[in-house]
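[1] coordinates for the following, if possible.
(one chain, ligands or ions: 1)
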Amino acid sequence: MQKVLLVWPEKCTGCRVCELACSWEHEKVFSPALSRLQVVSWKREGVDVPMVCQQCQTALCMEACTARAISRDPETGAVLVDGRRCIGCHMCVLACPFGGPAIHPETGKIMKCDLCGGNPRCAEMCPVGAIEYVRADRVGLARKRASLGYLTRYLDLAVKEG
Ligand code: SF4
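    Numbering: from 1, shown residues only. As a prediction, this is how the structure comes out:
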């Protein structure tokens, strides 16, 4: 059974340990700029939301990639980027409504969540359980909707506040 990342923004303290765990796992440095997830903060509302890739069933990033550099891992369900094929056109970044794919600051190519091969460090290291890695069939539809609602609500705010 495949698993998914489930975010609980109401638990998140904004400590950003998840970003550091991610960059260490993938780049062997502690650098939020090299993390595959971003914690977005709205100071006025006092809200922090870990923005994680949704590994969408219909992955717009994959559809937008003309270089066929994006595919799905059949075991974990993660949407993966092949760095050898990526030409750095950034069409996937434009296509994703959740900010999943990010541009590597040094290579200009795409970096995105690969679920750490089935053991996502962000979920493992979050001290308050704001990111969980749970069986997809254990996530109720209501919880999925609530989680996505948070993401889209605060994405809307980000767009309005520029
Ligand atoms: S580690 Fe957990 S509490 Fe800290 S910023 Fe990330 S999701 Fe929020």
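[2] which ones are touching H104?
    The contact partners of H104, by Cβ atoms under 8 Å, 6 or more residues apart in numbering, come to 34, 110-111. In short, each C-beta sits where N, CA and C put it, glycine included.
[3] in strands, which of the residues you listed appear?
    110-111 (DSSP state E).
[4] just how off-centre is stretch 34-44 within its chain?
    10 Å (Cα atoms, centre = their mean, to the nearest Å).
[5] closest to the ligand among the contacts of H104?
    Using Cβ to the nearest ligand atom, L34 comes nearest to the ligand of the contacts of H104, at 15.4 Å.
[6] now the nearest residue to that closest one once chain neighbours are set aside: how far from the ligand?
    In space, and not counting its chain neighbours, L34 is closest to S23: 4.1 Å by Cβ to Cβ, 6 or more residues apart in numbering. Per Cβ to the nearest ligand atom, to the nearest Å, S23 is found 12 Å from the ligand.
[7] how much space is there between I87 and the ligand?
    On the measure of Cβ to the nearest ligand atom, I87 and the ligand end up 32 Å apart.
[8] ok, that residue touching R68?
    No: contact criterion Cβ atoms under 8 Å: I87 and R68 do not qualify, at 10.4 Å.
[9] neighbour count: those two, which is higher?
    Between I87 and R68, counted using other Cβ atoms under 10 Å, the more crowded position is I87 (13 against 10).
[10] phi first, then psi, for that one.
    Dihedral angles of I87 (phi, psi; degrees, to the nearest 10) stand at phi -100, psi 0.
[11] residue contacts, it?
    67, 69.
[12] under the pLDDT cut-off, which ranges of this protein? List them.
    140-148, 150-151, 153-162 (pLDDT under 70).
[13] one more time with 80
    138-162 (pLDDT under 80).
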